[in-house]
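everything below, folded, please.
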Amino acid sequence: MFYSATISSDEELLQILDIQKKNLRQNISGEEKDEQGFVTMPFTLPMLQAMHELAPSVIVKDVDKVVAYAIVFMKEGRLLYPALEPMFINFEKVSWQGKPLNSHQFYVMGQVCVAKEYRGKGVFDLLYQKHKEIYQSKFDFVITEISTDNHRSLRAHERIGFQTIATHRDELDEWDVVLWDWK
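Coordinates of the predicted model:
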């Protein structure tokens, strides 16, 4: 039986890192990347611990095993992961509803991933339902960037209610900026 929760231990963070490693773009085949999607940015345990102290991330567990995660990345933690600085710089150029993004209350979906054997079972939806339950009262929206090559992730986010508000290219990739409006 699956259930969603927030991070409560370093053991769960280590399980996130295991899922992440198995799904990093550079660790999977081109065919798997095209069919199943991928994650781009590798995190470390100290990074996840520091991010978790700012706001707990959401996981889905099957009994005691983490099978999916959705990392909460607060704007205040942007220095924790310098590789994401281009994303934050881009956000400073983007507007939503006629106002700069930074004039709104939001957090960034730092990364979301479902273990391969749990895909297509509603786990992705559980992650985002829990996010909305926990964070909707504090934030106007959640935002993230998704590689335009990551078709599965783009479709899944659109199904949840995210909409593309901008597209840009940096030295790594071309990105759709997607936002789930909670107001």
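
run through this structure and note the low-pLDDT ranges.
Within the chain, not a single segment meets pLDDT under 70.

if we use 90, what do you get?
1, 25, 28, 30, 32-38, 40-41, 75-90, 110, 169-173, 183 (pLDDT under 90).

just the helices in it please.
Secondary structure of the chain by DSSP state H: the helices cover 10-23, 30-36, 45-54, 85-91, 123-135, 151-160.

could you redo the ones you listed as JSON lines and give each row mean neighbour count and distance to Lys183?
(Glycine included, C-beta is placed from N, CA and C.) Putting those into JSON lines (neighbours: other Cβ atoms under 10 Å; distance: least, Cβ to Cβ, whole Å) gives the following:
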{"stretch": "helix 10-23", "mean neighbour count": "17", "distance to Lys183": "29"}
{"stretch": "helix 30-36", "mean neighbour count": "13", "distance to Lys183": "33"}
{"stretch": "helix 45-54", "mean neighbour count": "16", "distance to Lys183": "22"}
{"stretch": "helix 85-91", "mean neighbour count": "16", "distance to Lys183": "18"}
{"stretch": "helix 123-135", "mean neighbour count": "19", "distance to Lys183": "12"}
{"stretch": "helix 151-160", "mean neighbour count": "16", "distance to Lys183": "16"}
